[in-house]
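Novice: Could you work out the structure for the sequence below:
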Amino acid sequence: MVEQVIRLNAALASIPGLREVSVQKMDVGDLTADDFSLLPYADLPLGAMKRTAGGRADELVICMDFALEEGVRGLLGLEFVSWWVRDAARAGAAMQVRSLALPPVGEQFGSTLRFRIDWFYTDPDNDMQRLLAAVDALASDLESTIAQQDIVKRIEGRNVPAAGVPGDRPGRPAPPQRVSAGLRTLFRRKPH
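Specialist: Modelled structure (predicted):
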């Protein structure tokens, strides 16, 4: 892996609650809508690409994949990433975050959820140095945003339960909970 990609990978991996971080490049310029049903393309941003009936000429998708730790840290890490991607898209970046999972077959159900940031990059000149400079700028932006928002400290601070919770000692990290249990809590109906 080249230095700029390593930097982007490290920036994403520095966010508490994220694990199994990887960055890869996929050339989608020659893909057509007929290719979408083929297994090698199953994890591509097919919904977005259907709008253009395939990849645009000279288009790459920089894919930043990650899974979540179970519990509060994972959900807070995902919340930060979701905001960062939303903010970048509002500023003009062709970027989105989405979830991926395998079919709910047997024992794999409940264990394959992961997330991907898709960054669509187009350069008619196919200039690798320009691409690496753009990746480096993205990594720099993520690093500075993490620092400006004090994300590491804020997420780590939220992982400590409030004093007086039965069975917990002050300062002891909250016990891990399943991500699905955390999501159920977030979307629980409130009484009227």
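Novice: make it CA atoms for all contacts and neighbour counts henceforth
Specialist: Fine.
Novice: For this protein, which helix extends over the most residues?
Specialist: Counting by DSSP state H, the longest helix found in the chain is helix 128-148.
Novice: buried ones in the helix or strand just after that helix?
Specialist: Following helix 128-148 in sequence order, the next helix or strand is helix 151-158 (DSSP states H and E). Neighbour counts over helix 151-158 (16 or more other Cα atoms under 10 Å) mark 151-152, 155-156 as buried.
Novice: how about the strands in the protein?
Specialist: Remark: strands assigned in the chain by DSSP state E are 18-27, 59-68, 95-100, 114-122.
Novice: Distance of residue 136 relative to residue 109?
Specialist: 36 Å (Cα to Cα, to the nearest Å).
Novice: Sorry, wrong one. I was asking about residue 77.
Specialist: Note on residue 77: its distance to residue 109, by Cα to Cα, is 23 Å.
Novice: Please apply the same query to residue 147.
Specialist: 36 Å.
Novice: which of residue 136 and residue 109 has more neighbours?
Specialist: residue 136 (18 against 12; other Cα atoms under 10 Å).
Novice: The longest helix of the chain: how far from the chain's middle?
Specialist: Its chain's average C-alpha position is 15 Å from that of helix 128-148, according to Cα atoms, centre = their mean, to the nearest Å.
Novice: So for that helix, what gets flagged as buried?
Specialist: Burial within helix 128-148, assessed by neighbour count using 16+ other Cα under 10 Å, is assigned to 131, 135-136, 138-143, 146.
Novice: What is the nearest of the residues you listed to residue 35?
Specialist: Lowest distance from residue 35 to those (Cα to Cα) belongs to residue 131, with 25.4 Å.
Novice: quick one: low-confidence parts of the chain?
Specialist: 29, 38, 40-42, 45-47, 49-50, 53-55, 159-192 (pLDDT under 70).
Novice: which ones are touching residue 115?
Specialist: 65-67, 97-100 (Cα atoms under 8 Å, 6 or more residues apart in numbering).
Novice: Not counting its neighbours along the chain, what's nearest residue 114?
Specialist: Excluding the flanking residues, the one nearest residue 114 by Cα to Cα, 6 or more residues apart in numbering is residue 67, at 4.5 Å.
Novice: What are the contacting residues of the longest helix of the chain?
Specialist: Helix 128-148 is contacted from outside by 4-5, 7-8, 11-12, 15, 84, 152, using Cα under 8 Å, 6+ apart.
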